[in-house]
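K.L.:
Sequence first, then the predicted structure, then my questions.
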2 protein chains.
Amino acid sequence: MRDGVAKPRVLLVEDDRELAGMLAELLAEEGYETDAAHDGQRGLHLGLTGHYDVMVIDRRIPVLDGLELLRRLRARAVTTRVLVLSALGEVADRVAGLDAGADDYLVKPFEAEELLARLRALGRRDLEGAECLPLGTAALDLRRHEVVLPRGERITLSGREFELLRTLAQRPKAIHPRAALRTRVFADSTGESIVDTYVYYLRRKLGRDVVRTVHGLGYQIGAV
Amino acid sequence: MRDGVAKPRVLLVEDDRELAGMLAELLAEEGYETDAAHDGQRGLHLGLTGHYDVMVIDRRIPVLDGLELLRRLRARAVTTRVLVLSALGEVADRVAGLDAGADDYLVKPFEAEELLARLRALGRRDLEGAECLPLGTAALDLRRHEVVLPRGERITLSGREFELLRTLAQRPKAIHPRAALRTRVFADSTGESIVDTYVYYLRRKLGRDVVRTVHGLGYQIGAV
DNA sequence: CGCACTTCTGAGGCTTTTCTGAGATCTCCG
DNA sequence: CGGAGATCTCAGAAAAGCCTCAGAAGTGCG
């Protein structure tokens, strides 16, 4: 019905269509699922509605400047990691980009390898060597799809259960909207309540407190 | 990871003592609390036992190479954000650093401003949306729709409660007329007394003093 | 094929939120 | 002081959001 592992989703905002095409191809080869926008306005719309894992934004784009786009996304509580691309490479430019809310800033021209390495660093799914994600007092074993309880007891998760819990554990304390979880973990054609059901499964297996509901906003783990 | 009031803690691993001293001073000025190590072995020990918010690791350090240090930290499930400093600036070097688990890679020589901006960007990631509006001695967490009390206790607000409090908190000390609040926060078709009701809800949850009534004019927070 | 497991749907019931309205209480000012 | 208007308090209805779960359909394996 759908490939087993969900691809990380990238939003690419770049007006140079030739470069955009090349990057999209490159990203596809690396296993990303890419949406492209060619101006800031479109980028803003997609960024607000699309639920991405990471965004690559060119600084010089029409309609809405890249940094302005970034600021507006941040103002609307979009916390997705953002890498800004720019021909402007002075220290002051880089500082401006980072302080506008970018997580990384790469100066053009750049090599594909470096862009990919920086995207891996931003989206790091498996922490090199560490096979577990912390999960409150327990841990999530990424290799074996199991939750390890403090006493060493192990609970096996199904594929979707694991994918959902990992997505939540990737960014503990952040609030994950239903729609975002549904986009990342399940197929687009699934019903609206699929996330609820799987949260119910997780709670049934792991206890009611693993996942917190924030009414009207979404789900959260590792709450304070 | 740490309470908002405490200074962010940095581990600096750098063998050039002159540079280390300058950086420590710089970081102190920016409000960081710095521990320094001058070789990889000591860095590993501090990294494993201390609780840092971010680490700055030079790549060329004695006893244990910077990247090897980083790998060992990652292998022991240390997820702290790491910025690697290095004189090695080739693309391949940068890719190697990032793929060893670094979150950012800065090539020497660098400017202090850029280092600080990149550290700010790294620090932002872990706050995970702790973006707040001040609220007297407390704060309003804009992402989670919660009020954070001085002791760290959190009170969750419903959607409307949050919108109302945020509108008030955006311009503290200003007097907000009922009609304006009703227009901004509620639908036009709602009854005249909806604002009163929600002010009552806020006061019930947060204490009688959060919102002050200015008779005949409206409501106000953050009064003198 | 039968069995065990997983994935997904959708309906019913429960909880929280939103909103109304009415009586109690307060404030201002003559 | 006393009354008009403003404000506070709160119960309860309606709506929205969320939880629970049975069962259908799909998948993998011996």
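P.N.:
Received the coordinates, thanks. All values reported here derive from a predicted model rather than from experimental measurement.
K.L.:
do stretch A:35-48 and chain B meet at all?
P.N.:
No - against chain B, stretch A:35-48 shows no contacts by Cβ under 8 Å from any Cβ of the partner chain, the least distance being 15.0 Å. In this view, the C-beta of every residue, glycine as well, is placed from N, C-alpha and C.
K.L.:
If you average the pLDDT over that stretch, what comes out?
P.N.:
Stretch A:35-48 shows a mean pLDDT of 96.
K.L.:
which of the residues in that stretch are buried?
P.N.:
A:35-38, A:40, A:42-44, A:46-47 (16 or more other Cβ atoms under 10 Å in any protein chain shown).
K.L.:
now the farthest one out in chain A, which residue is it?
P.N.:
A:R151 (31.6 Å; Cα atoms, centre = their mean).
K.L.:
Which of the three states applies to that one?
P.N.:
coil (DSSP: H, G, I helix; E, B strand; the rest coil).
K.L.:
And for A:Y219?
P.N.:
Assignment for A:Y219 (three-state DSSP): strand.
K.L.:
Same question for stretch A:154-173: list its buried residues.
P.N.:
Result for stretch A:154-173 [16+ other Cβ under 10 Å]: buried residues A:155, A:157, A:160-171, A:173.
K.L.:
what distance separates the start and the end of it?
P.N.:
One end of stretch A:154-173 to the other measures 24 Å (Cα to Cα, to the nearest Å).
K.L.:
ok so, going back, now cross-check the buried residues of stretch A:35-48 against DNA strand D and list the overlap.
P.N.:
Within the set of the buried residues of stretch A:35-48, contact with DNA strand D (Cβ under 7 Å from any atom of the strand) is found for no member.
K.L.:
Looking at these, which are in helices?
P.N.:
A:40, A:42-44, A:46-47 (DSSP state H).
K.L.:
quick one, helices of chain A?
P.N.:
Along chain A, counting by DSSP H, helices occupy A:17-29, A:40-49, A:66-75, A:91-99, A:112-123, A:159-170, A:178-185, A:194-206.
K.L.:
Go ahead and confirm A:P134 touches B:A77.
P.N.:
Yes - under the criterion of Cβ atoms under 8 Å, A:P134 makes contact with B:A77 at 7.3 Å.
K.L.:
and the worst-scoring helix or strand of chain A on mean pLDDT, anywhere near chain B?
P.N.:
Ranked by mean pLDDT, DSSP states H and E, the helix or strand of chain A with the weakest confidence is strand A:132-135, at a mean of 82. Yes - using Cβ under 8 Å from any Cβ, strand A:132-135 reaches chain B at A:132, A:134.
K.L.:
what residues does that strand touch?
P.N.:
If you take Cβ atoms under 8 Å, 6 or more residues apart in numbering or on different chains as the criterion, strand A:132-135 is touched by A:127, A:139-142, A:147-148, A:165-166, A:169-170, A:172, A:210, A:221-222, B:77, B:79.
K.L.:
Parallel or antiparallel, list what pairs with it.
P.N.:
Here strand A:132-135 is paired, per DSSP bridges, with strand A:138-141 (antiparallel).
K.L.:
what does the average pLDDT come to for the partner strand?
P.N.:
89.
K.L.:
Residues touching that strand, excluding its own?
P.N.:
Against strand A:138-141 from outside (Cβ under 8 Å, 6+ apart): A:131-134, A:146-150, A:154, A:162, A:165-166, A:169, A:206.
K.L.:
Kindly recompute the last result at 6 Å.
P.N.:
Strand A:138-141 is contacted from outside by A:132-133, A:147-149, A:169, using Cβ atoms under 6 Å, 6 or more residues apart in numbering or on different chains.
K.L.:
Up against chain B, what does chain A have?
P.N.:
Residues of chain A lying close to chain B by Cβ under 6 Å from any Cβ of the partner chain are A:77, A:79, A:91, A:94-95, A:98-99, A:103, A:111, A:113-114, A:117, A:121, A:127-130, A:173-174, A:216.
K.L.:
Disregarding residues adjacent in the polypeptide, which is nearest to A:R143?
P.N.:
Using Cβ to Cβ, 6 or more residues apart in numbering or on different chains and skipping residues adjacent in sequence, the residue nearest A:R143 is A:E131, 5.0 Å away.
K.L.:
burial of that neighbour, as a residue count?
P.N.:
Per other Cβ atoms under 10 Å in any protein chain shown, the neighbour tally for A:E131 reads 14.
K.L.:
cool, and A:I61?
P.N.:
Around A:I61 there are 24 residues (other Cβ under 10 Å).
K.L.:
what residues are up against it?
P.N.:
A:15, A:39-40.
K.L.:
Skipping adjacent residues, who's closest to it in space?
P.N.:
A:D15 is the one closest to A:I61 (Cβ to Cβ, 6+ apart), at 4.7 Å.
K.L.:
Tell me how many other residues surround that neighbour.
P.N.:
17.
K.L.:
State the distance from it to DNA strand D.
P.N.:
36 Å (Cβ to the nearest atom of the strand, to the nearest Å).
K.L.:
My guess is A:V195 contacts A:A179. True?
P.N.:
No - contact criterion Cβ atoms under 6 Å: A:V195 and A:A179 do not qualify, at 8.6 Å.
K.L.:
Tell me where the model's unsure across chain A.
P.N.:
Within chain A, the ranges that satisfy pLDDT under 70 run A:1-5, A:125-130, A:224.
K.L.:
Grab the most central residue of it for me.
P.N.:
Using Cα atoms, centre = their mean, the most central residue of chain A is A:D53, at 1.9 Å.
K.L.:
which bits of chain A sit near DNA strand D?
P.N.:
A:1, A:178, A:193, A:196-197, A:199-200, A:203-204, A:208, A:213, A:215-218.
K.L.:
Mark which of these are buried, thanks.
P.N.:
A:178, A:199, A:217-218.
K.L.:
of all those, which two lie farthest apart?
P.N.:
Using Cβ to Cβ, the pair of these lying farthest apart is A:V199 and A:L217, separated by 13.7 Å.
K.L.:
Out of the helices of chain A, which is closest to DNA strand C?
P.N.:
Closest approach to DNA strand C among these is made by helix A:159-170 (3.1 Å; Cβ to the nearest atom of the strand).
K.L.:
how much does the closest one deviate in direction from helix A:112-123?
P.N.:
When axes from the mean of the first three to the mean of the last three Cα atoms, to 10 degrees is applied, the directions of helix A:159-170 and helix A:112-123 differ by 90 degrees.
K.L.:
Restricting to C-alpha, output helix A:159-170 in CSV.
P.N.:
What follows is helix A:159-170, C-alpha atoms only, in CSV (Å, rounded to 0.1, in the frame of the first residue of the first chain):
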residue,chain,number,x,y,z
GLY,A,159,5.7,-0.5,12.0
ARG,A,160,3.2,2.4,12.2
GLU,A,161,3.3,2.5,15.9
PHE,A,162,7.1,2.8,15.8
GLU,A,163,7.0,5.4,13.0
LEU,A,164,4.6,7.6,14.9
LEU,A,165,6.5,7.3,18.2
ARG,A,166,9.8,8.0,16.5
THR,A,167,8.4,11.1,14.9
LEU,A,168,7.2,12.4,18.2
ALA,A,169,10.5,11.4,19.9
GLN,A,170,12.5,13.2,17.3
